[in-house]
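>>> Have a look at this fold, sequence not included:
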């Protein structure tokens with residue numbers, strides 16, 4: 001494997017790690033008169049922080065462990081499949097390309 005191939009794979013893994021962190025910490029704030037909360041996670045909401053209810057201000061966290069595990073599974077599966085494809089494409093011999 002060449003240095004260029006290793007650099008491509010390392011760059012991809014770094015970008016995917018950053019995207020995973022961004023997706024897991026992505027927050028959407030919902031301001032309703034009787035309920036202000038922030039949902040965290042993409043594509044699945046794994047945590048909700050309630051900031052205000054009809055009674056008054058609160059700081060209540062609700063965590064869905066199943067959604068958290070599924071979120072991580074989705075992002076790491078994308079990383080694994082894409083890395084496998086990159087390794088396959090980068091390790092093809094020039095002689096294999098001539099046979100096709």
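Cool, the structure landed. Just so it is clear, the structure is predicted and the values come from calculations on it, not from any experiment. Residues are numbered from 1 along each chain as shown.

>>> Count the residues that sit near residue 88.
A count of neighbours around residue 88, defined by other CB atoms under 10 Å, yields 9. No exception for glycine: its C-beta is placed from N, CA and C like everyone else's.

>>> Could you tell me which residues within whichever strand or helix holds it count as buried?
In this assignment (DSSP states H and E), residue 88 forms part of helix 65-90. By 16 or more other CB atoms under 10 Å, the buried positions in helix 65-90 come out as 67-68, 71, 75, 79.

>>> Point me to the helix or strand that includes residue 61.
Here residue 61, judged by DSSP H and E, is contained in strand 57-63.

>>> and the nearest residue to residue 58 once chain neighbours are set aside, how many neighbours?
Nearest non-adjacent residue to residue 58, counting by CB to CB, 6 or more residues apart in numbering: residue 50, 5.7 Å away. Neighbourhood size, residue 50 [other CB under 10 Å]: 16.

>>> Quick check: the gap between residue 50 and residue 61.
8 Å (CB to CB, to the nearest Å).

>>> try residue 69
17 Å.

>>> In the chain, where is pLDDT below threshold?
Low-confidence segments of the chain (pLDDT under 70): 93-100.

>>> Geometric centre of this protein: which residue is closest?
In the chain, the centroid-proximal residue (CA atoms, centre = their mean) is residue 20; its distance is 2.8 Å.

>>> nearest residue to it other than its sequence neighbours?
Excluding the flanking residues, the one nearest residue 20 by CB to CB, 6+ apart is residue 75, at 4.3 Å.

>>> Then residue 82?
In space, and not counting its chain neighbours, residue 82 is closest to residue 12: 6.8 Å by CB to CB, 6+ apart.

>>> surely that neighbour meets residue 83?
Yes - at 6.8 Å, residue 12 counts as touching residue 83 under the criterion of CB atoms under 8 Å.

>>> Residues in contact with the host helix or strand of residue 22: which ones?
Under the criterion of DSSP H and E, residue 22 resides in helix 3-25. Residues from elsewhere that reach helix 3-25 (CB atoms under 8 Å, 6 or more residues apart in numbering): 40-43, 46, 71-72, 75-76, 78-79, 82-83, 86-87, 90-91.

>>> Buried residues in stretch 8-22, which are they?
By neighbour count on 16+ other CB under 10 Å, the buried set for stretch 8-22 is 9, 16, 20.
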